Every structure is written in structure tokens, then in C-alpha cells.
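J.: can you look at this prediction? I've put the sequence above it.
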Amino acid sequence: MRPGALVGWWAVLTAVLLGLFSGFRGFPAAAAREAAVADHAFRFLLLLATPVFSLVVAVLTYSVVARRGKGDPPEPPPYVPEHPWVARAWFAATAALAAYVIYNPGLVGLAEMRGVPVSAVWTGASSGVRLASLAGADGDLVVRVRASRWLWQFEYPDQQVTSRELVLPVGRRVRFEVTSADIVHSFWVPAFRTKIDAVPNLTTFLHVTPTRTGSFEQTVDLRVQCAELCGVGHAIMAAPVRVVEPEAFDAWVAQQGRR
Amino acid sequence: MRALVPVLKGLGYGVVGYVLGGPALGAAVRATGVEFPFDLELVTGSLVGTVGWLAGVGVWEVWARGWFGLPLRSWPEEEGVARYFRFTTDHKVIGIQYLVTFLGLLFLGGALAMLMRWELMRPGMQLLTMNGFNQVMSLHGILMIAVAVAVFLGGLGNYCVPLMIGAHDMAFPRVNALSYWLTPPVAILLLASLLVGGWDSGWTAYPPLSEVNAPGQVLMMVAVVLFGLSSILGGINFLVTIARMRAPGLTWSRLPIFVWSVFAASLLSFVVTQYLAASLLMALLDRVAGMSYFHFARGGTPVVYQQLFWFYSHPAVYIMILPAFGAALEVLTHFARTPLYAYRWVVGAFLGIVGLSAIVWAHHNFTSGMPDWMHAPMMATTEAISVPTGLVFLAALGTLVRGRLWLRTPMLFALGWVWNFLIGGITGIFNADVATDLHLHDTYFVVSHFHYTIMGGEIFALLAAVYYWYPKITGRMYDERLGRLHFWWTFLAFNATFLPMFWVGLHGMNRRIADYPAPLGGLNWWISLAAFALGASFLVFLYNFVVSWVRGPRAEANPWQASTLEWQVPSPPPVDNFPAPPVVVGGPYGYGIPGARHAAFGAAGGSEEACGTAS
């Protein structure tokens, strides 16, 4: 075994893959603050994973090429006792890497997703399930999402509007209050990169701040898609999403009100 | 034809049992004016039918008669094919029964996957209805879960573990046979569910959907509970066998690594399977007995099911993958002709995985509406599993880099396992990380991840192990050229199928859908073509497996010149395995160590003969 050759091969593989992945842009359309957080975490994980991936591939390919035996079966190589520090070092390195990944992008990404400090991710202070008495306190715009087999309905309580299309003003923090009339569904907008289940007898919460205007006609990533299996119509349980300028949103509300 | 008599009798008794316990009982109860729903009829009928099946295949003749003071009947001693079709206790027969049954179900599940890929080849509906697709997808899921749980432990575990520890059989041979004979009713009930409307809730069967859909769901629930019973019985059997029946001198630190992995998986299977049974029984009681555990209209809480279900179903993936780890490392070390690297660390890793796997369940529920505070700890425990898994990689890589590789078919599949499980493991981090999982959850990214771990990981290790032990089990050698063709074809087609699935998942294709947005059409067309190639590659395996068993050249006792005990007896081994218990005197993999040997045979009356010297 030639450690120099192996380490060199690992370095080359790592450099090539890092070059490929550092510019990774292969994401669907992104239209919300949460999407930027998710994509950043994804890209960061990809970069962290690269040296690990290339190490295994380097040893695998090196062994197949340089350690291939001759004969049926090959003569066993003379036994060299294991160096006890190799396994200890490996264990320490993987544990340290795992601990770092748990911290970043793990806890850091979770905190960014919720818009709270890292110290608050253990307390459940921001999104997700909340007592109904606290509802409505932390969003610029409240949208009540009601899922039923197999359609979506969006109610804007402050605007007194109900719609089958999800229309949102850009730049405002939206608080979705999600529930279901029958079975479990899941409220997912691919361009927002987040989802929450719609559960009967329960209101779940999700916060999203749209950052870019766009519509379903421009990209299918701007759709509400049911992401929890709900029977026959599951695949086509979708609704169009439109993110518009605040004035256009007000105009839309006014127009809905006149109907 | 006479060989099939017990199975035909089992089917007959099973049908009679179903009719008496189901429709007849239902009619009798209804005649008294009491309500007896059809769902309940399916439950009682299938339970009584299963008892009838068991009685018919031989439980009555060779076991249960004794409970009533009647003389037991024993099957005529024979080596022929008949012993595979009745309730017999030889662990080698049971291993082959398991292996062939579940390879058959693997092919059936694969055929269903082909149907799904045909439908998903283009946007819009072509072949199936949406309901039909959901049923095919659900059946594919549950069949493959059953295969993944049972094929390794039940098949190769049963066949090889007693041989590898120098025992003459399992600790409880009749319980072992019972574990196997409970599984055909599972398959029959799952397929019969199509006759009563099928079911469309996926293998996870989340309520409320699974409490309001077609009656086929009831048969699925009964089948899964029966399958769980079989798993628990099998788990107890392996634990006791490995703990109590090792040959003299075979200490825990001398156990072949595959035996350790079976021990770890059995521990999980014994401890956690009851959660699955509990969750499905509660859903079943909601359905047939008006209970309100999860039923929303009666005030139940659907998300509780999801927690309870994953108490089992996350550890279950380690019941599937641990024996695969063990088998892949076993093959890697024998074909690298060097001792397994970091053996003790790997054993620690297996036990660490057993422990950690029990405290990660809620990473399946990040988007379910569970309390916020659970996100961070469940993410942390899940990502911590990468540490013991990393030790498994250390063992594989350390063994490879210090070895002299012998690239035969089993070794090729074991190397393929390293590549596939590497991708499966790394993408698991993306699913464990909350910030990325909120998007990736329930998409094709997850579908690809678990196919990389279970198909690319477990099934590749299974194929490595099947080729490795093929000469031992069948007494014949498989065709090496076809084996290599099978490896390369399967390996390339597998990666061509599942790598692009990460992309379509990231790009908004959710799982379990019969149709998808048109822009995803191009890649799905490619994935379907690659999937057909992947499906076809298994025909090479089938051909090699069947034809070599009938016509392959006779295998010697130890064609791989391997050191462990199962190779020191003839191929196939005699009924009692060893003429006298072997005495183990050293570690299992003494390759390249001067004078090292694993065991010595004190053959009855003969001189002591060294074996497993592995030079």
C-alpha cells in the first residue's frame, strides 16, 4: 500500500468534485426567504459531504486497481497488526464532523428557517403547532388553509376573502394556519421549500415570507401541492400560487370583495 | 405432485377456516340481530383461515397432536424436494423456503415497480387509473418491506447462522418452522386484498385514510400483524441460538461478523416489532370496533399513529440493513484475503446502531405538526447514526486497502454495496437536516434515498451473499460469467434509475403520485427506461440461479477457501451439519497470520483435523 498515492488521488477527486458542486445551482425556482435558507443548507451539506464521498471512492478505486490479487484465490498478504490509533482517529473525526453538521447547517439552518436565534430552537417558540390562543400574533398576513379531498381553499380572514388560488403580496411575512376537513394532507409549495401537514382536528402553522413575484403560469414550482398520500386525487391535488406586488394584492382583494 | 399435498391441504383448510370464521360466523351473528360489519368478517375469517392453513401444512400432524395427548406423526425421512413443501424443522430447509419465497416476492414487487414506471414514463394517465396506481404503489411498498425484513434474516440467517456457529440447528426448530409458515398467509392476504377493493394508503397506512378506504385495507392490517408475529418469533430464535448454541471455544469475540449482525438485527426485531403490531391493531380496532384512537370524527388523534408507527418502522430499516452490513463485510474480508479490519469497532457500531435507531423515529414527522422542540433532538440523534455507520465503512475500507482482492461475483456485489450505501448514507443527512427536509420530505429525493440504502445497500449485499453461499446451499456452482454480467448490468441500471430521482425530487416531484407536472416529463422518461433495464437485469440472475441449481457443476466443500465453519462441511451440508461439534480455537478470519486457525474438528472416533487454516 502506498499512502502517498492514495492521499493524492483523494485530493484530486475532492478538488474536482468541490469544483463541480461549489457552483451548484440545480434548484427549482425560489420565491421565499425560506427557500434561500433551505438552498443554502443544501449546498453547504453538499460541500461538507464531498471530501467524505471522495475519500470512500478514492479508497474503493485505489484498492480495486492497486490491491487486486493474482490467483484463484490470491495468496493472502502477510498480516500487519492494526494500528490502534487509526480507528480511534476515524471515530473522533467522524464524531466531530457529525457534531458540526448537527450544529451547522442543522441547528443554524433550523433557527434561520424559523427566524429565531439558535438558542431558541429547543423551545418551540416560533412556528409549528401552537396553542390556538396565541394564534394570529406573529404574521403580517394570515391565510387560513383548508384542505379537503382533493382541493385547497384559502381564506384571508382580515381581508374577508376566500379563494381557490393562493395570492400573496411580496415581502410580507405570511402566517398559514392549516387544517383539514377530512384526512391528512400536506401543504407544500416547492418554490417556498417548506411544507406542513394539514391534519383534521388540529391547526398547524407555517411561516413564509415571499421574496420574489411570479406565478404558476411562469413556473410549476409556484403551486400548492398535496404532499401526503390522500387517495385517488392525491397527485392532482394542487392549486396555483401567485406572488404579486403589494398594490396588485390590494387590487386583487378589492376585486374579490366585489364578487 | 404428492410433494404438494401438505400445501394443498393447508390451502383447503385455510379456505374452510376463512368461510367458517368469516362469512358463516357473520351470517350467524347477524341472524341474532347483532351488527357484524364486513370489515370484521374479514378479520375473523383471515385469522381462522390462517389457523387452518397452519394445521394443514403440518402443525397439527407433527406438533399440535402432542398437546392433546395424541401420538405425533412424523414425515417420512427423505432428502427430496417434498421437504420444502411442508412443516419441517431443519434450519437449512427453512432457510431455503424463506429465500425462495421472498425472492419470488421480490420479483413480484419488481414487476409492480415496472407497472408504476410505465405509468410514470409520460405525464398524464396512460396505463392505470389513479386509484389503480395507488393500489399498485401500496402493494409494491408492503411487499418490498416484507422482502427486505425477511429475506436476509429468514433466508440466509436461517441457513448460515447455525452452520457458522457450529450448531446442529436453531434453538427452537418448530418455532422456526412456524415463523416461516406464517409468511405465506401474509402474502396471500396482501394479494387477496385486491379482491375486496384493494387499499391505497401506501405501506405506512396512515389513518384517517386507512380507516375510511376500501376493505382491502383490513386484510393488509391483519397481514402485517401476522408478519410481525413471525418476525418476533424469528428474533427470539436467533437471539437464543446465538447466545446459547455456539460451539465450544466460539467466544463472542470470535463470532463471524455476519452472525453478530444477525444478533443485532434480531435484538431490534424482538424489541420493536410490537409497536408496529400495536399501531396497526389500534387502527384496525378504530375500523371494526368503533374505537377512537386515531379516528378524527370520534375525537381521535391521527398524528399519534405516525409516532407509534415509526417507533417500529425506523428501527425496522436497521433490521433490514444490519444483516446486509454483516454479509457485505463477511464477503469483503474473505475476498480480500485478510482479516476484517477494526472487528471490535464494527461490533460496537452494530450495537450502537441498535441503540440509536430507537431514538430517531420522529425525523419522519418533521412536517407532521408535532411539537417544535422535537425537531432539534431528533435531527441530532439521526445525524449521530452516521458515526457508527462510519465505522462500518472504516472496516470495509481498511479491509480492502490491506487485502489482495479476488474479484469474483460476490466481491463485485460487495464493492457495489460500498458505492451504493455511500450515496444512500450521505443523502440521509439531507433528509435528517430540518432546513432541507421540510422541502425534501415526501418527495422523490426520499424515494431515491431509501432505494439507495435498501435496494442498493441491502439487496446488493443480499446478492453478494447469495452468490457467496450459493455453492454451499445448492451444492452447485453458479455461472461466473453470467454472475459478472448480472453485476455490471444491475449496478449501472440501478444508478441510472435512482440518481436522477434525487433531481426530480428536489425539483418538486412528490412521492406516491400517479401523475406529475409536465416539465418533469423528460427525466421521468429516462428513469423509466433505466428502470426497465434494471428489471430486466434480474432475469439474468433468475436464469443463473435456477439453471445452475439444476445443471451447474458440483461444488466442492470450500470453493472460496474461506476460513469460517460453514465451509468446513460438505456442500450442501448433511442434515445434522457437523459429525461432532467443532472446537473453535481462534478468530474467524486468520488470513495471512502464520499458524492461525479458526477451528478443529474432533470427528467422532477420528483424529483431530485442522480446518479453516486459510493459507
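T.: Alright, I've got the coordinates.

J.: give me the number of residues near the residue in the stretch 251-400 of chain B that chain A sits nearest to?
T.: Proximity of the stretch 251-400 of chain B to chain A (Cβ to the nearest Cβ) peaks at B:D372, 3.1 Å away. (Each C-beta comes from the backbone N, C-alpha and C, glycine too.) Applying other Cβ atoms under 10 Å in any protein chain shown, we find 22 residues neighbouring B:D372.

J.: model confidence at it, what's the number?
T.: The model reports B:D372 with a pLDDT of 83.

J.: do you know how far it is from A:Q225?
T.: As judged by Cβ to Cβ, to the nearest Å, B:D372 and A:Q225 stand 24 Å apart.

J.: let me see the domain layout of the chain.
T.: Because you didn't say which chain, this covers chain A. A:3-71+A:84-120, A:132-258 (automatic domain parsing).

J.: hmm, I had chain B in mind actually
T.: B:1-88, B:89-551.

J.: looking at these, which is closest to A:S148?
T.: The closest of the domains of chain B to A:S148 is domain B:89-551. By Cβ to Cβ, the value is 12.2 Å.

J.: quick one: end-to-end length of the closest one, please.
T.: Domain B:89-551 stretches 27 Å from its first residue to its last (Cα to Cα, to the nearest Å).

J.: where do the strands sit along chain B?
T.: For chain B, the strands defined by DSSP state E cover B:583-584, B:599-601, B:609-611.

J.: out of those, which gets the lowest mean score?
T.: Among the strands of chain B, strand B:609-611 carries the lowest mean pLDDT (a mean of 48).

J.: turn the domains of chain B into JSON lines, columns for distance to A:A99.
T.: Shown next, in JSON lines, are the domains of chain B (distance: least, Cβ to Cβ, whole Å):
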{"stretch": "domain B:1-88", "distance to A:A99": "48"}
{"stretch": "domain B:89-551", "distance to A:A99": "8"}
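
J.: looking at those, which has the lowest confidence?
T.: Ranked by mean pLDDT, the domains of chain B bottom out at domain B:1-88, with a mean of 92.

J.: now find how far off-centre that one is within its chain.
T.: Computed by Cα atoms, centre = their mean, to the nearest Å, the chain-centroid distance of domain B:1-88 equals 25 Å.

J.: ok, stretch B:245-262 next?
T.: Counting by Cα atoms, centre = their mean, stretch B:245-262 is centred 22 Å from the centre of its parent chain.

J.: how about it, which residues are buried there?
T.: Burial within stretch B:245-262, assessed by neighbour count using 16 or more other Cβ atoms under 10 Å in any protein chain shown, is assigned to B:245-247, B:249-250, B:254-262.

J.: ok, of these, which one's closest to B:M170?
T.: Comparing the buried residues of stretch B:245-262 against B:M170 with Cβ to Cβ places B:M245 closest, at 7.9 Å.

J.: so what's that closest one up against?
T.: B:P162, B:I165, B:A167, B:M170, B:A171 (Cβ atoms under 8 Å, 6 or more residues apart in numbering or on different chains).

J.: how about the residues you listed in a markdown table, adding neighbour count and distance to chain A?
T.: Formatted as a markdown table, the contacts of B:M245 follow (neighbours: other Cβ atoms under 10 Å in any protein chain shown; distance: Cβ to the nearest Cβ, whole Å):
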| residue | neighbour count | distance to chain A |
| --- | --- | --- |
| B:P162 | 30 | 26 |
| B:I165 | 23 | 24 |
| B:A167 | 22 | 27 |
| B:M170 | 27 | 31 |
| B:A171 | 18 | 33 |
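
J.: these into TSV, with extra columns for distance to B:A316?
T.: Formatted as TSV, the contacts of B:M245 follow (distance: Cβ to Cβ, whole Å):
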residue	distance to B:A316
B:P162	25
B:I165	25
B:A167	27
B:M170	22
B:A171	23
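
J.: which other helices and strands does the strand or helix carrying A:L45 contact?
T.: Under the criterion of DSSP states H and E, A:L45 resides in helix A:33-66. Contact partners of helix A:33-66 among helices and strands, from 3 or more Cβ pairs under 8 Å, 6 or more residues apart in numbering or on different chains; DSSP states H and E: helix A:3-22, helix A:84-101, helix A:108-114, strand A:204-208, helix B:386-402, helix B:409-432, helix B:434-440.
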